[in-house]
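Trainee: Pasted the sequence and its predicted model underneath.
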2 protein chains.
Amino acid sequence: MLKQPRILVFDTFGTVVDWYGSIVRELEDQYPGVDAHAFAKAWREQYHPMMQKVMRQELPWTKIDDLHRMILDDLCPQFGLAHLDEHERSDLNRVWHRLHPWSDAVSGLQRLKSKFLIAPLSNGNMSLLTHMAKKAHLPWDCVLSVEIFKAYKPDPRTYKGVLELFDAEPHEVMMVACHASDLEAARGCGLQTAFIFRPLEWGEEAQHMAKMHEEFDLTCTNLEDLAAQLGC
Amino acid sequence: MLKQPRILVFDTFGTVVDWYGSIVRELEDQYPGVDAHAFAKAWREQYHPMMQKVMRQELPWTKIDDLHRMILDDLCPQFGLAHLDEHERSDLNRVWHRLHPWSDAVSGLQRLKSKFLIAPLSNGNMSLLTHMAKKAHLPWDCVLSVEIFKAYKPDPRTYKGVLELFDAEPHEVMMVACHASDLEAARGCGLQTAFIFRPLEWGEEAQHMAKMHEEFDLTCTNLEDLAAQLGC
């Protein structure tokens, strides 16, 4: 039986915002000659290996903005964008600060906020998440980035760091994410868990690959559904 | 000539919320036999020496909630509250999470938020500031506590920490506070500064002691005045 949590923390990329669609649309608009779908995928696919370099201490602590920029500099020549200057690259890199929310996200979060303390718990850095929230009107009660803990999810220090900040028992916090690995790690720290099914995270062509996970405390189709299941 | 900042960071206790009046009212309501004015003053007066113990490393990093609680445990017997049990002390200590904003604060912040990124930069801990914002409807874009930097204002690491989080040049950030010492330290790190005159911070009887400071970039009577002076 589910105990009511008092704090909900959310993965953002994929769970709250549509990074794939947002990047594809911006690339198609700004750089029509580029294969936007392949570019978006390649950018995101390099993100895990880069984070792992930080976690293995092959790189010192490096915020996601800077990891995204290193990957972007690698990708530009591969996609015919070697000519982009510093200003253009810096602006393109900040597309991650202006990702669009899924259509259920703002309304779902508003409902959840009426009953719970809500915050992202994202590998995005503080400024990225703050700019994203301001632009997309995400009604967080506070912004929690792993940058505070200097460790990337799924490192246990990130989930335990939230417990410490809020003097919370593990069951008082629920992790909400569309990635099973994030939820498994949170569960390993004693948090409650809600899986959000986002079959379009990697675009329409990849949706047949998306897997519904039913092994967590809650299984939800979106954030409105989460609000309904939690009685908001 | 003032350059427009892009980020405003706010001291909270005294600048945004009326800690003195809030604590006096709650004590009068809950514990009518106690000298609420003397209690509120004594609680706050012990806060600087306690923070200094942390900064001199006589205490390990300790969040404000825990410093407030140590002081409270000292004060209880002095004010005839030795009988308070753990639950009652814990609840009273959390009065700092439910302080009331000055009457101009929410409307002033709403106006400022339309043009700038706004956040507290407070010695209050993350949970305290988040609960305060949720209850008082303070419309922060994110919550910045010195707890992130493990140093108390006026330590330069706190102001410089904000610059690093937001990849900001010093002049892009303005510190807003009713305490000259906070603004002097921020100015020492290159930040812009706005002084807010809060003559009632220590109650009506102490208001003749309050000094208007005009040596900072802006001098304001309250947060609505700050919004007006910044063209919001």
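Mentor: Nice, thanks for sending it over. All figures in this text were calculated on a predicted structure; none of them were measured in a lab.
Trainee: who touches residue A:116 in this structure?
Mentor: Listed by C-beta atoms under 8 Å, 6 or more residues apart in numbering or on different chains, the contact partners of residue A:116 are A:5, A:6, A:7, A:8, A:230, A:232. C-betas here are computed from N, CA, C, even on glycine.
Trainee: residues in contact with the helix or strand bottoming out on mean pLDDT in chain A?
Mentor: Counting by mean pLDDT, DSSP states H and E, chain A has its least confident helix or strand at helix A:47-55, which shows a mean of 94. With contacts defined as C-beta under 8 Å, 6+ apart, helix A:47-55 is touched by A:59-62, A:64, A:67-68, A:70-71, A:123, A:151-152, A:155.
Trainee: List buried residues within these.
Mentor: Buried members of those, counted by 16 or more other C-beta atoms under 10 Å in any protein chain shown: A:62, A:64, A:67, A:68, A:71, A:123, A:151, A:152, A:155.
Trainee: moving C-terminal of the strand or helix carrying the third one, what's the next helix or strand?
Mentor: The one in question is residue A:67. With the criterion set as DSSP states H and E, the secondary-structure element containing residue A:67 is helix A:64-78. Proceeding N to C from helix A:64-78, the next assigned helix or strand is helix A:86-93, under DSSP H and E.
Trainee: which helices and strands sit right next to that following helix?
Mentor: helix A:64-78 (3 or more C-beta pairs under 8 Å, 6 or more residues apart in numbering or on different chains; DSSP states H and E).
Trainee: Quick one: mark the members of the contacts of residue A:116 that sit in strands.
Mentor: Applying DSSP state E to the contacts of residue A:116, the entries found in strands are A:7, A:8.
Trainee: Buried subset of the contacts of residue A:116 as a ChimeraX selection?
Mentor: Applying 16+ other C-beta under 10 Å to the contacts of residue A:116, the buried members can be selected in ChimeraX as follows:
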select /A:5,7,8,230
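Trainee: Max pairwise distance over the contacts of residue A:116: which two?
Mentor: A:7 and A:232 (14.2 Å; C-beta to C-beta).
Trainee: got the residues of chain A near chain B?
Mentor: For chain A, the residues in contact with chain B under the definition C-beta under 8 Å from any C-beta of the partner chain are A:65, A:117, A:119, A:125-127, A:129-131, A:133-134, A:140-143, A:147-148, A:165-167.
Trainee: Give me the buried subset of those.
Mentor: Buried subset of the residues of chain A next to chain B (neighbour count, 16+ other C-beta under 10 Å): A:65, A:117, A:119, A:125-127, A:129-131, A:133-134, A:140-143, A:147-148, A:165-166.
Trainee: circling back: extract the CA atoms of the least confident helix or strand of chain A and return them as CSV.
Mentor: What follows is helix A:47-55 as a C-alpha-only set of coordinates in CSV (Å, rounded to 0.1, in the frame of the first residue of the first chain):
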residue,chain,number,x,y,z
TYR,A,47,25.6,12.4,-23.0
HIS,A,48,25.8,9.2,-21.0
PRO,A,49,29.4,8.4,-22.0
MET,A,50,30.4,12.0,-21.1
MET,A,51,28.8,11.8,-17.7
GLN,A,52,30.5,8.5,-17.0
LYS,A,53,33.8,10.2,-17.7
VAL,A,54,33.0,12.6,-14.9
MET,A,55,31.8,9.9,-12.6
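Trainee: Okay, buried residues for it please.
Mentor: Buried residues in helix A:47-55, counted by 16+ other C-beta under 10 Å: A:47, A:50, A:51, A:54.
Trainee: Which single one of the residues you listed is nearest to chain B?
Mentor: Here the nearest of the buried residues of helix A:47-55 to chain B, counting by C-beta to the nearest C-beta, is residue A:54; it sits at 16.6 Å.
Trainee: so what's residue A:143 up against?
Mentor: Applying C-beta under 8 Å, 6+ apart, the residues near residue A:143 are A:119, A:120, A:126, A:129, A:130, A:133, B:141, B:142, B:143.
Trainee: hmm, 6 Å instead?
Mentor: For residue A:143, the contact set (C-beta atoms under 6 Å, 6 or more residues apart in numbering or on different chains) comprises A:129, A:130, B:142.
Trainee: how about TSV for these, with distance to residue B:177 added?
Mentor: Listed next are those as TSV, based on distance: C-beta to C-beta, whole Å:
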residue	distance to residue B:177
A:129	25
A:130	21
B:142	18
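Trainee: can you give me the strands for chain A?
Mentor: In chain A, strands defined by DSSP E lie at A:7-10, A:117-122, A:144-145, A:173-177, A:192-196, A:218-220, listed in chain order.
Trainee: The fourth one pairs with which strands?
Mentor: What that stands for is strand A:173-177. strand A:7-10 (parallel), strand A:192-196 (parallel) (DSSP bridges).
Trainee: can you give me the helices for chain A?
Mentor: A:19-30, A:36-45, A:47-55, A:64-78, A:86-93, A:105-113, A:126-136, A:156-165, A:180-188, A:223-229 (DSSP state H).
Trainee: picking up where we left off before, most tightly packed of the strands of chain A?
Mentor: When neighbours are counted by mean count of other C-beta atoms under 10 Å in any protein chain shown, the highest per-stretch mean among the strands of chain A falls to strand A:173-177, a mean of 28.
Trainee: Quick one: mean pLDDT for that strand?
Mentor: Taken as a whole, strand A:173-177 carries a mean pLDDT of 98.
Trainee: Could you do stretch A:11-31 as well?
Mentor: The average pLDDT within stretch A:11-31 is 98.
Trainee: can you list the residues that contact stretch A:15-30?
Mentor: Contacts of stretch A:15-30 with the rest of the structure, by C-beta under 6 Å, 6+ apart, involve A:10, A:13, A:34, A:36-37, A:39-40, A:95, A:99-102, A:105, A:177-178, A:196, A:202-203.
Trainee: Kindly write the PyMOL command that selects the buried subset of the residues you listed.
Mentor: Here is the PyMOL selection string for the buried members of the contacts of stretch A:15-30, based on 16+ other C-beta under 10 Å:
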select buried, chain A and resi 10+13+34+36+37+39+40+95+99+100+101+102+105+177+178+196+202
